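[1] Quick one, fold the following:
(2 chains)
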Protein chains: 2
Amino acid sequence: MRFTSEQRLDDGVVERAFTLDEIPGFLWTPSSAPAPVPLILLGHPPLGLDRMYPRLVARARSAVAGGFAAATIELPGSGDRPRLAGAEQARADLRRAMKAGEPVSDEIIDALVLPLVDRAVPEWQAALDALLSLPGIGGPVGYSGGVISIGIRLAVVEPRIVAAGLFAGSFVPRTMFEEARQVTIPLHVLLQWDDEGNDRQAALDLFDAFGSKEKTLHANMGGHTGVPQFAGEDAAGFFARHLR
Amino acid sequence: MRFTSEQRLDDGVVERAFTLDEIPGFLWTPSSAPAPVPLILLGHPPLGLDRMYPRLVARARSAVAGGFAAATIELPGSGDRPRLAGAEQARADLRRAMKAGEPVSDEIIDALVLPLVDRAVPEWQAALDALLSLPGIGGPVGYSGGVISIGIRLAVVEPRIVAAGLFAGSFVPRTMFEEARQVTIPLHVLLQWDDEGNDRQAALDLFDAFGSKEKTLHANMGGHTGVPQFAGEDAAGFFARHLR
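    Got it, this is the predicted structure:
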């Protein structure tokens, strides 16, 4: 992990850009803390860190204000990283199906999501290795938001992640429902009730499938990007309960 | 409204029992407050105030700690109040259907719930008249919990109620779905995902039907009485946003 820049934001947040095996990322920490702080990994959609930066830094400020460190890395195939084989084709198929008003087939969803999950999850685990070796960052670790299938896989395979806040707002391959049954950590799931690009019933079925004894679904009105401010506050309460 | 007893609880809460046209009730207020406080009406299932008292006083303490007054009245047909005509028959029909593993018919649900709603709602409105005339209690008013159909009707007909926290945990007559469409105040709806006595799909359909622009569904694991502590804290945040 190589730090490439460091700046102090106005509210006591230190932002460091880094690269890890050529994957860019950000780490946000409190400018002073008496003891190592828990870490929240900030997931995001595959639109590139540059484009996602304003929303990520807002979530990071909120996490740091809550007593956590926050970090994120670029997803495979996004930003300046090499495209994933087959991803362009899957996206073109998706656009065509949606334009034609057809249901999006399982084949398209699998081609779109599974290679991304397979590549991304080991990268987030490697980032975790590096981040947890830094002074000032302790466990436990939470995962928050982004591509829900990445969150599901991480929750299953990565024991250092003890709680996850997931956003039911993206296509979910059928095989991920099986993985969802293996999740046992506490979950806080956000659902935008009128998300135009999201199948509400599939989201409810996925929530039902999770094996966790503690799981909470928060459904709010509005479209994909209309998550209300107070939903973020409730999610902060979830992480405070489980990471402190 | 005639106060019949007054006691100071250990945490700065004053509890007063009252009767209003022979309907018993309770009012909980902060022992000192610099200005009139908003009021939360505490709904409850038709099991009698005596039996519900421990849970009601816990909710009242939490409301007062949040800067509110809280109040409740006995439901028609419950406690020492005269039984509602037809209610015994409806309850017997319900027990028979559930024992036989049959679906509970719309007729049984209507007979069980609609007379209760028709009688209870004007009584809660009369209680509101009396409570809001007391020094120390101001508006706005929230309604919380209990028989969800009473909450729906109150939200439609009572303009002094500006926010409602509802519990999707009881039978809902089909006609109440029409009334739900007329609700426009902010709603916070709790659903116990594994509530054995509750139809989950009907609860989701009801949430969908509400006309409110701001409505949030919080689904948690567990049965009817297993609402987790943190769900109460999130509901407190909802009332703090809308009543302060």
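[2] quick one, strands of chain A?
    With DSSP state E as the definition, chain A shows strands at residue ranges A:2-8, A:13-20, A:23-30, A:37-43, A:69-73, A:137-145, A:161-167, A:187-192, A:215-220.
[3] mind giving me TSV with those and columns for mean pLDDT, distance to B:His44 and mean neighbour count?
    In short, each C-beta sits where N, CA and C put it, glycine included. Supplementary listing: the strands of chain A in TSV, determined by pLDDT from 0 to 100; distance: least, CB to CB, whole Å; neighbours: other CB atoms under 10 Å in any protein chain shown:
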stretch	mean pLDDT	distance to B:His44	mean neighbour count
strand A:2-8	97	52	10
strand A:13-20	98	45	17
strand A:23-30	98	44	21
strand A:37-43	97	38	25
strand A:69-73	98	42	27
strand A:137-145	94	36	22
strand A:161-167	97	32	25
strand A:187-192	95	28	24
strand A:215-220	96	24	23
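[4] could I get those strands as a markdown table with distance to chain B?
    Putting the strands of chain A into a markdown table (distance: least, CB to the nearest CB, whole Å) gives the following:
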| stretch | distance to chain B |
| --- | --- |
| strand A:2-8 | 31 |
| strand A:13-20 | 24 |
| strand A:23-30 | 24 |
| strand A:37-43 | 18 |
| strand A:69-73 | 22 |
| strand A:137-145 | 15 |
| strand A:161-167 | 12 |
| strand A:187-192 | 8 |
| strand A:215-220 | 4 |
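[5] For those, give me JSON lines that also has distance to A:Asp199.
    Shown next, in JSON lines, are these (distance: least, CB to CB, whole Å):
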{"stretch": "strand A:2-8", "distance to A:Asp199": "40"}
{"stretch": "strand A:13-20", "distance to A:Asp199": "34"}
{"stretch": "strand A:23-30", "distance to A:Asp199": "31"}
{"stretch": "strand A:37-43", "distance to A:Asp199": "20"}
{"stretch": "strand A:69-73", "distance to A:Asp199": "27"}
{"stretch": "strand A:137-145", "distance to A:Asp199": "19"}
{"stretch": "strand A:161-167", "distance to A:Asp199": "14"}
{"stretch": "strand A:187-192", "distance to A:Asp199": "11"}
{"stretch": "strand A:215-220", "distance to A:Asp199": "14"}
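[6] Looking at those strands, spot the one closest to A:Val117.
    A:Val117 lies closest to strand A:37-43 among the strands of chain A, at 11.5 Å (CB to CB).
[7] Tell me which residues are up against the closest one.
    Residues outside strand A:37-43 that contact it (CB atoms under 8 Å, 6 or more residues apart in numbering or on different chains) are A:29-30, A:56, A:59-60, A:63, A:67-72, A:124, A:127-128, A:131-132, A:136-147, A:150-151, A:154, A:161, A:167, A:239, A:243-244.
[8] What residues does chain A have near chain B?
    Residues of chain A found near chain B (CB under 8 Å from any CB of the partner chain) are A:193, A:204, A:207-208, A:212-221, A:228, A:230-231, A:233-234, A:237-238, A:241.
[9] Having no further points to raise, I will conclude here.
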